Every structure is written in C-alpha cells, then in structure tokens.
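[1] A predicted structure for the sequence below; I have some questions about it.
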Amino acid sequence: MSDQAFRLTDAQMARFIAHGYITITPDLPPAFHAEVFAQHQEVFEKEGNPGNNLLPRIPLVRKVFEDAAVVGALKSTAGEDYYLQPHRHPHFNKAHSEGQSMHQDGGKRWSHRTRYLLAFYYPQDTPIERGPSGIVPGSHYFNTPEGARISEEVPLTTPAGTVTIADYDLWHRAMPNTSDNNRYMIKFLFARMSEPQAPAWKNEQADWPGVEPALAGDELELQKMYAHTWHWHRGAGSGALLPRNGYAPAELLKILAAEQERPAIAAAYALAAFGIEVVPDLIDILTDETEMTRRHAAYALSTIAGPAVAALTDALGHTEAITRADAATILGDIGPTAASAIPALITASKDANQDVRRSAAEALSTVAQDTPDAVPALIESLSDEQGQVRQVATLALCRLGPHAEEAIGPLQQVLDDENRYVRADALYALERIGTSEAKDTLIRHLMPARWCPVTTATSTF
C-alpha cells in the first residue's frame, strides 16, 4: 500500500510540532519482532554491539523502516526525500542497569525547524521495569535542563514493534532497567534533504490548529513558536505570521537577555512580530558574550527571515569570528529566502576560522540548495583540514543533489576519507546526483566493499 494513506493528519502533525515525537506501529507480525530480538541477543553475545554495521549484520531491521506507516510518518515530518543517515546504534539496556542521565544528542542546534530526526525501534515489549526510553515532551525547543523541565519525564512504555519518531533535539534517556531481562532499542538518524515548499502530510487546515503545550501549567505563550514551525512545515515561509502582543520591543529585549530560558524564547518569537524594526538590536546581541542570549536572538532573526538577511550578510564580515559563525548559522536556518547571501557565505566558507567555515558550508546546504552556485566552494571544503568542515560540506552536496554534478570527481576522492561519515555521505551524494557517471562511481566503490552479514569470527568462509 502507498505511504500516502499513512501520512500524518493535521492533529497528529500539530502534536508532533508541540510535543516533539509521535509513535507508529508498523504492520509486522509479533514473530518478526521476536526474531529481531533473538538476532540482537545472538550478535551481542558473540560479537558485541555492531554499531553502524547494524543493518548489514541484522538486515531484517530494514523491513521496519520500509513499512508504509513508518515511511508515511517520516515523509510527513522530514520531507519526501529524507535521508537515513549512516549513524545508527543498537542501545543495550542490560538487566538491572542504572539507566542514563537526561540529555540531547550531539549538542544543541540553533534551530527550531525540523531538519533532523531520531527514530527509536523496540523489538520487545518495554514496560516501565524493563528500562524504556524516557522523554520530555516539548523539550526540543529548549537547551537547558531548567528550560526543558527534564523532571517532567514520560516513559515510552510500548509493545514490541513500535517506532517512536522524535525531533533530534528532544531530551531523552534510557531509564533504569530493574527487570531480569535485557532491553534493546535501535536508534536511527534521519535528515531532511529539501526545505519545505508544501505540506508533506495530509494537511487540510492552513492556520495553526492550536495544541495544548506538552507540559501542564506552562505559563508561556508557546503558540507563536508552534505556529511559526507549522507554517514553515507548510512551505509558507516565516515573518509577518506572528501578531504583535502588548509588549514594546525594549521590554522584550530585556526578557530575551535574561537567564530564564523559557520567557526568553517566548520573547524572541514576540520580537519577530516587529520585523525590520528590531533587526539592528538583534544583530547587536550577536556580539554578546553569553551564548544563550545570542541563541535567543538567533531564533528571532531566523523567524523574521527576509528582512534580516541584509544585516546578517553584513555580519559575515564582522571582526569577531564567533559573530561571523553565528550569522552564517542563522542564514542557514532561514534557508532559500536568504539566497542573496550566497556570495558572502561562499567567502565565509574560506574563512581562517574553522567554526566560520563549518557554519558557512552548512548554511550553503539550505540557502543554496536550488542552484549549483555553491558547488565549487563546497568542493574546496571537501579538502579542508578539519573533519567537521569536510563532513558538513559533504552533507551539503547531498542536499544540492542534481545541482552538484561538478562534484562527482571530488566526491570519489573522499570515499577514502579518514572520517567515516564523510565517506558515507559522499556515497549518498553520488546517489542524489543521479547521473550515469555518479552511479557508476558509486557501484565501483560499493562492489568490493560488500559486507557479508553471515561472516563472523566463528564463520569466516
């Protein structure tokens, strides 16, 4: 059956935006999940954790992410051409474990837009005593334990076979396993390849439908933040979408710079309603020594979008590297609306500072995704001395896809890069480019690298 029938409804999408997760049940029999669990037990006992080699070692898991309901939910939230990233990990919560601390994966991104997802698959029943994943609904908009309210934990107690799709920034952990049984959770990462141009779910309502905040008693006006995310997912852009409230900009700027994260983020979205009027003040905040304050200004500038692009482009030439890097990050979050900044971002991708180069290369992946203009600069970034710069440049070429035909040769060169994710993303970039030359390059590399899932230390031939 087509995944179209399984796209999220407006109500489901609204809950995903506000709460940061949705749980899906694939159409697979209990015996399937029991076999996946058994294979995990065997592999872990004999070989240890297969890590990124999970799929070739236990290929049965692929069926989970080929299921129409799972595909429909992923397309609804991450776009039609989402990317199953090369990092995946079976999380082993052994019997009588103490669990983990609440955390976010990979560090906080300065964005409230859905470009990266986590997916948690559970091959066994996971009641509370077996150490389920604990999540904090709505926490993906916040960067601190206080702002995220991590004490408001909800256990994902689910039957075997469920898949929870979560925003990459949702706070989560493995809870203590007080049972006598091991628990597995297989985590996958997904990336959005194309900026939204139209709703990817079964959208019938243009306006934000409204949803209760994820945490009861929340005092903030979070609906502005949710509404902005809703309209971004619909491809309606941003700016001029948020009505003004009774505060003056000066009052909101004071709240934005305060130490309390929740009121500050609410102030950022309220400030965005003033548009170009508040851009100079927000640009000035990008020189603040406090990272959190700069990040709050970034949310406001990103939401203002088009009217802020010229000032952000000028900030790419600031004397302070941290300001240049932050300006590039915000332009990248704005996306194609910031296309006029492409030449300045190309210049920034050659900056002496590695953080600026990384931020600029990453920004080009969204700002320049509809044009080949950034391809030569991204090719140059593939040979950067810093692995993180090479990695974001490779992912940027994935996003540019058919526009990156010029990069086929350079991508072939980095198929032997020391960074495993540069190598993996280069393969996907060749697939996305899609020409005969790109596909031939891809096949020539993959054929001798074929993985045999039944070859182990005890069965070598």
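    Nice, I can see it. Numbers count the residues shown, from 1 in each chain.
[2] tell me, how many residues neighbour residue 202?
    16 (other C-beta atoms under 10 Å). Where you see a C-beta, it was placed from the backbone N, CA and C, and this is true even at glycine.
[3] and the strands in the chain?
    Using DSSP state E, the strands of the chain run over 21-24, 83-93, 116-121, 133-135, 154-155, 163-167, 172-174, 183-191.
[4] and the ones you listed: which comes nearest residue 232?
    Across these, residue 232 has its closest neighbour in strand 163-167 (13.2 Å, C-beta to C-beta).
[5] so what's the gap between that closest one and the chain middle?
    Centroid separation for strand 163-167 versus its chain: 11 Å, with C-alpha atoms, centre = their mean, to the nearest Å.
[6] pairing partners for that strand, with directions?
    strand 21-24 (antiparallel), strand 116-121 (antiparallel) (DSSP bridges).
[7] turn the ones you listed into CSV, including mean pLDDT and mean neighbour count.
    Below are the strands paired with strand 163-167 laid out as CSV (pLDDT from 0 to 100; neighbours: other C-beta atoms under 10 Å):
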stretch, mean pLDDT, mean neighbour count
strand 21-24, 97, 20
strand 116-121, 97, 22
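[8] including distance to residue 252, could those strands go into a markdown table?
    Listed next are the strands paired with strand 163-167 as a markdown table, based on distance: least, C-beta to C-beta, whole Å:
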| stretch | distance to residue 252 |
| --- | --- |
| strand 21-24 | 30 |
| strand 116-121 | 29 |
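[9] tally of neighbours for residue 455?
    11.
[10] what's it sitting at in phi/psi?
    As for residue 455, its main-chain torsions (degrees, to the nearest 10) stand at phi -80, psi 120.
[11] got it, and the one 5 residues further on?
    As for residue 460, its main-chain torsions (degrees, to the nearest 10) stand at phi -90, psi -10.
[12] now residue 159: phi and psi?
    phi -70, psi 160.
[13] quick one, what contacts the closest residue to it other than its chain neighbours?
    Nearest residue to residue 159, sequence neighbours excluded (C-beta to C-beta, 6 or more residues apart in numbering): residue 125, at 5.4 Å. Residue 125 makes contacts with 158, 159, 160, as judged by C-beta atoms under 8 Å, 6 or more residues apart in numbering.
[14] buried subset of those, written for ChimeraX?
    In ChimeraX, this line selects whichever of the contacts of residue 125 come out buried by 16 or more other C-beta atoms under 10 Å:
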select :158,160
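[15] nearest to residue 295 among the contacts of residue 125?
    The closest of these, once distances to residue 295 are taken by C-beta to C-beta, is residue 158, at 33.1 Å.
[16] to residue 225, which of the strands paired with strand 163-167 lies closest?
    Nearest of the strands paired with strand 163-167 (C-beta to C-beta): strand 21-24, 16.7 Å.
[17] show me how far that closest one is from its chain's centre.
    16 Å.
[18] could you find the closest non-adjacent residue to the spatially most central residue of the chain?
    In the chain, the centroid-proximal residue (C-alpha atoms, centre = their mean) is residue 116; its distance is 1.5 Å. Nearest residue to residue 116, sequence neighbours excluded (C-beta to C-beta, 6+ apart): residue 168, at 3.6 Å.
[19] ok, now residue 303?
    residue 272 (3.8 Å).
[20] any low-confidence regions in the stretch 101-250 of the chain?
    Low-confidence segments of the stretch 101-250 of the chain (pLDDT under 70): 107-108, 213-221, 238-245.
[21] apply 80 and report the result again.
    The stretch 101-250 of the chain contains residues with pLDDT under 80 at 106-109, 212-221, 237-246.
[22] helices along that one, start to end?
    145-148, 223-233, 249-256 (DSSP state H, counting those that start in this stretch).
[23] can you give me the buried ones in stretch 16-36?
    Judged by neighbour count (16+ other C-beta under 10 Å), stretch 16-36 contains these buried residues: 16-22, 24, 26, 28, 32-33, 36.
[24] what do you get for stretch 129-148?
    For stretch 129-148, using 16+ other C-beta under 10 Å, the buried residues are 130-143, 145, 147-148.
[25] and it, how far apart are its ends?
    This stretch, stretch 129-148, spans 25 Å end to end (C-alpha to C-alpha, to the nearest Å).
[26] try stretch 101-110
    End-to-end for stretch 101-110, by C-alpha to C-alpha: 22 Å.
[27] got a list of contacts for that stretch?
    Under C-beta under 8 Å, 6+ apart, the answer for stretch 101-110 is 115-116, 118, 134, 136, 143, 145, 148, 150, 153, 168-173, 295, 298-299, 326, 329-330, 333.
[28] go on, stretch 48-68?
    1-3, 5-6, 26-28, 32, 35-36, 39-40, 43, 47, 70-71, 74, 84, 86-90, 92, 119, 121, 161, 163, 186, 188, 420, 451, 453.
[29] mark which of those are buried, thanks.
    3, 6, 26, 28, 32, 36, 39-40, 43, 70-71, 74, 84, 86, 88, 90, 92, 119, 121, 161, 163, 186, 188.
[30] quick check: the gap between residue 300 and residue 409.
    42 Å (C-beta to C-beta, to the nearest Å).
[31] equivalent analysis for residue 89, please.
    33 Å.
[32] okay, domains of the chain per the record?
    Following the assignment in automatic domain parsing, the chain carries domains at 3-191, 228-446.
[33] what's the closest of those domains to residue 459?
    From these, taking C-beta to C-beta, the stretch that ends up closest is domain 3-191, at 10.1 Å.
[34] how long is that closest one from one end to the other?
    19 Å.
[35] out of the strands paired with strand 163-167, which comes closest to residue 348?
    Of the strands paired with strand 163-167, nearest to residue 348 by C-beta to C-beta is strand 116-121, at 22.3 Å.
[36] output that closest one as CSV, nothing but the C-alphas.
    What follows is strand 116-121, C-alpha atoms only, in CSV (Å, rounded to 0.1, in the frame of the first residue of the first chain):
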residue,chain,number,x,y,z
TYR,A,116,17.0,16.1,11.8
LEU,A,117,15.0,13.3,13.4
LEU,A,118,15.6,10.3,15.7
ALA,A,119,13.8,7.1,15.4
PHE,A,120,13.6,4.5,18.2
TYR,A,121,12.6,1.0,17.4
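[37] give me the contact list for that strand.
    Here strand 116-121 has contacts from 61, 64-65, 70, 74, 77-78, 82, 105, 109, 133, 156, 162-170, 172, 185-192, using C-beta under 8 Å, 6+ apart.
[38] how far does stretch 132-140 sit from the chain's center?
    Going by C-alpha atoms, centre = their mean, where stretch 132-140 is centred and where its chain is centred differ by 16 Å.
[39] restrict it to CA atoms and write it as CSV.
    C-alpha atoms of stretch 132-140 as CSV (Å, rounded to 0.1, in the frame of the first residue of the first chain):
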residue,chain,number,x,y,z
PRO,A,132,12.2,2.1,28.5
SER,A,133,13.4,5.4,26.9
GLY,A,134,12.3,8.4,29.0
ILE,A,135,11.4,11.5,27.1
VAL,A,136,10.3,15.1,28.0
PRO,A,137,7.5,16.1,25.7
GLY,A,138,8.0,19.6,24.2
SER,A,139,11.6,19.8,25.4
HIS,A,140,13.1,20.0,21.9
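[40] so how far is residue 61 from the spatially closest residue to residue 47 that is not a sequence neighbour?
    Closest residue to residue 47 apart from its sequence neighbours, by C-beta to C-beta, 6+ apart: residue 456 at 6.3 Å. From residue 456 across to residue 61, the span is 18 Å (C-beta to C-beta).
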